[in-house]
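Novice: Quick check, what structure comes out for this input:
(chains A, B, C and D)
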Number of protein chains: 2
Amino acid sequence: MSIQESGAARPAGRPRSEKAEKAIIEATLDLIGEGMGVSELSIEAIASRAGVGKTTIYRRWSNKEDLVVDALSTLKAPVPPLTGTSVRDDLISLLDAMREESGMARSRCVMNIVMGETDRHPRLTERFIKRAIEPRRQAMREVIERGVATGELRPDLDVDMGMALISGTMLWHTKWGPAGDLPADLPERIVDAALAGMAP
Amino acid sequence: MSIQESGAARPAGRPRSEKAEKAIIEATLDLIGEGMGVSELSIEAIASRAGVGKTTIYRRWSNKEDLVVDALSTLKAPVPPLTGTSVRDDLISLLDAMREESGMARSRCVMNIVMGETDRHPRLTERFIKRAIEPRRQAMREVIERGVATGELRPDLDVDMGMALISGTMLWHTKWGPAGDLPADLPERIVDAALAGMAP
DNA sequence: CCGATACGCAACGGTCTCGTTTCGTAAACC
DNA sequence: GGTTTACGAAACGAGACCGTTGCGTATCGG
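Specialist: All right, here's what the predicted structure looks like:
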C-alpha cells in the first residue's frame, strides 16, 4: 500500500523537484523582465539562470512557447481592494494599481510581449488575458455597472465604451506619455477627465 | 568638366543602384509586416527577399538596427484632410485614419515593433515617433485647441488629457477590443463618448 | 578601351542555439 | 540492497546567421 492512494498512483523513482520547476519559471520571468523577447529567450540561458540542466527543462516542456505560456500564466492579476464608497474612488484605485505595475520593469516587459506578439503567438496572449487581464476587466465592469445603477454614472452609458475610455487613457499614458514614472495623481486626473467629458 | 558639378563631385565608378536600395527597404518592411520581430529579422532573409547580395546591404548599413530604423523612417504619417467644419468631425476623421491603418497587417506589425521594443531599441522608437507619430499628434492638438478657443470644448480642458482620452480609447480598441476589424462607426462612438463623458 | 566602383552569387570560418544523448550522482519506493 | 526515475553537467551533430572575401559581370567617367 502506498502512502498516497488519493488520485493517481505515485510513480516510482525519484519525484520531480518542485524547486527546480519554480526556479525555471522564475528564471524565465526574470529574463523576460530584463527585456528579452520570446525569440531572444534561449533554453540554455534559462537553464543557466535557473541553475538547472537543460534536460530538466525539456522533461517538462516540449518547446519554448509552452514554457513561456506557463510562466506567464503564473502571473495573477492583483485586483486592488475596492472600498465601494464611490465609483470615482474605485476607478481611481483600479487605475492606481495599473500605475504601480507600470513602474516595474518586469510587468512592463511582460505587457510588451503580450501586446506585441499577439500575431505571432495567439494562444500565449489568449491564456494570459484570461488569467491576468480578465479579472481586472470584470472588476472594472462591475464598478461601472454599479455606478449606472446608483445614478453616479449616466443611465444611457455604454459600459464597454466606458471601460475603454478609462483604461485606454491609462494605457496611452504608459505607452506614449512622457518617459519616466507616471505621476501619482494621474489616475485621479484621468478618472475626472473621463467622468466630465470634453464638451462644455 | 563633369556634367554635374552641383555639390560634391560625383565619385568614380558605377553608382549605387537606387532600385536595390528601395528593394532592400521594401523587403525589410515586408518581413516586418509578416510578423517578424527585429531580432528575428535576418540580413540573409532580407537580401534573399530583395533579390540582392548581402554585400549590397552591408555596403549601406553597418548593422541591422540601422537598416530597420531607416526602413521605418520611410513610413510617413498620412494625416487625413480635415474639413474644419466642427471639432467633432475632425476628431472622427483622425480616428478613422487610425482605424483604417489598424486593418493593415503591415501597419499593425510596425506598431507592435515600435511599442514593444522601446526598451531594447530606444532610438528606433524615438526616430519613428518623430517621423510618423508627431505629425498626427500635432494635428489632433490643433483641432482640440481650436475647439477650446471656439467654445466647442470646455474652456478649462486639459488639452493633453483630451488627446489621451481620444487616442487612448482608440488604442485600447485596437489592442484589447474584440478580434477582427474595427467597426466603421467606432470613431464616431469614441468621439461622442469622450465629448459627453461618463457622468450624468 | 581603361580604371573604378557596384552588382549578384557563392563560399568561408565563427558563434549561437537547438534538441538529444551520455555520464555519474541523488532521492524516492520495494 | 535493488530498482526506478530525476538531477546537473558536459558533449554532440545539425542548422541558422553572422560579417567577410573572392569571383565574374555590369555600369559609370575619362
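Novice: what comes up buried for stretch A:178-186?
Specialist: Under the neighbour-count criterion of 16 or more other Cβ atoms under 10 Å in any protein chain shown, stretch A:178-186 has A:182, A:186 buried. Using the backbone N, CA and C atoms, a C-beta is placed for each residue, glycine as well.
Novice: Just the CA trace of that stretch, in PDB.
Specialist: Coordinates of the C-alpha atoms in stretch A:178-186 are reproduced here as PDB (Å, rounded to 0.1, in the frame of the first residue of the first chain):
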ATOM      1  CA  PRO A 178       6.300  61.400 -21.200                       C
ATOM      2  CA  ALA A 179       9.100  59.000 -20.200                       C
ATOM      3  CA  GLY A 180       9.700  58.000 -16.600                       C
ATOM      4  CA  ASP A 181       7.300  57.100 -13.900                       C
ATOM      5  CA  LEU A 182       3.700  58.100 -14.100                       C
ATOM      6  CA  PRO A 183       2.800  60.900 -11.700                       C
ATOM      7  CA  ALA A 184       0.900  59.800  -8.600                       C
ATOM      8  CA  ASP A 185      -2.100  62.000  -9.400                       C
ATOM      9  CA  LEU A 186      -2.500  60.600 -12.900                       C
END
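Novice: Residues touching that stretch, excluding its own?
Specialist: A:95, A:99, A:102-103, A:170, A:173-174 (Cβ atoms under 8 Å, 6 or more residues apart in numbering or on different chains).
Novice: Return the subset of those lying in strands.
Specialist: Nothing among the contacts of stretch A:178-186 maps onto strands, per DSSP state E.
Novice: give me the residue from chain A nearest DNA strand D.
Specialist: Closest residue of chain A to DNA strand D, Cβ to the nearest atom of the strand: A:Gly13 (2.0 Å).
Novice: Give the helix, strand or coil label for that residue.
Specialist: Following DSSP: H, G, I helix; E, B strand; the rest coil, we place A:Gly13 in the coil state.
Novice: neighbours around it, how many?
Specialist: By the criterion of other Cβ atoms under 10 Å in any protein chain shown, A:Gly13 has 6 neighbours.
Novice: for DNA strand C, what are the nearby residues on chain A?
Specialist: Residues of chain A lying near DNA strand C by Cβ under 7 Å from any atom of the strand: A:1-3, A:10, A:12-15, A:41-45, A:54-55, A:58, A:63-64.
Novice: Quick one: residues contacting A:Ala50.
Specialist: A:20, A:23-24, A:26-27.
Novice: picking up where we left off before, of the contacts of stretch A:178-186, closest to B:Asp70?
Specialist: Ranked by distance to B:Asp70 (Cβ to Cβ), those are led by A:Thr174 at 27.8 Å.
Novice: show me where chain A has strands.
Specialist: In chain A, no segments count as strands under DSSP E.
Novice: Tell me, what's the model's pLDDT at the residue of chain A closest to DNA strand D?
Specialist: pLDDT, A:Gly13: 84.
Novice: Give me the phi and psi angles of it.
Specialist: The phi/psi pair for A:Gly13 (degrees, to the nearest 10) reads phi 80, psi -180.
Novice: Repeat that for the one 4 residues further on.
Specialist: Dihedral angles phi and psi of A:Ser17 (degrees, to the nearest 10) take the values phi -80, psi 120.
Novice: again, but for A:Arg16
Specialist: A:Arg16 adopts backbone torsions of phi -70, psi 140, taken as degrees, to the nearest 10.
Novice: That one: neighbour count?
Specialist: Number of residues near A:Arg16 (other Cβ under 10 Å) recorded here: 12.
Novice: The one 4 residues further on now?
Specialist: By the other Cβ under 10 Å criterion, the neighbourhood of A:Ala20 contains 17 residues.
Novice: thought it was touching A:Thr56?
Specialist: Yes. Between A:Ala20 and A:Thr56 a contact is recorded at 5.4 Å, counting by Cβ atoms under 8 Å.
Novice: what stretches of chain A score poorly on pLDDT?
Specialist: Scanning chain A for pLDDT under 70 picks out the ranges A:1-9.
Novice: so what's the spatially most central residue of it closest to, chain neighbours aside?
Specialist: Nearest residue to the geometric centre of chain A (Cα atoms, centre = their mean): A:Ala132, 4.2 Å. Residue nearest to A:Ala132 in three dimensions, not counting chain neighbours: A:Ala77, with 4.6 Å by Cβ to Cβ, 6 or more residues apart in numbering or on different chains.
Novice: quick one, what contacts the residue of chain A found nearest chain B?
Specialist: Chain A approaches chain B most closely through A:Gly197 (2.2 Å), counting by Cβ to the nearest Cβ. With contact set as Cβ under 8 Å, 6+ apart, A:Gly197 has these partners: B:154, B:194-199.
Novice: Next, count neighbours for A:Gly51.
Specialist: Burial of A:Gly51 is recorded as 11 neighbouring residues (other Cβ under 10 Å).
Novice: what's the spacing between the residue of chain A closest to chain B and B:Lys64?
Specialist: In this view, A:Gly197 and B:Lys64 are 46 Å apart by Cβ to Cβ, to the nearest Å.
Novice: Next: A:Ala179.
Specialist: To B:Lys64, A:Ala179 is 25 Å away according to Cβ to Cβ.
Novice: same deal with A:Ala23?
Specialist: To B:Lys64, A:Ala23 is 33 Å away according to Cβ to Cβ.
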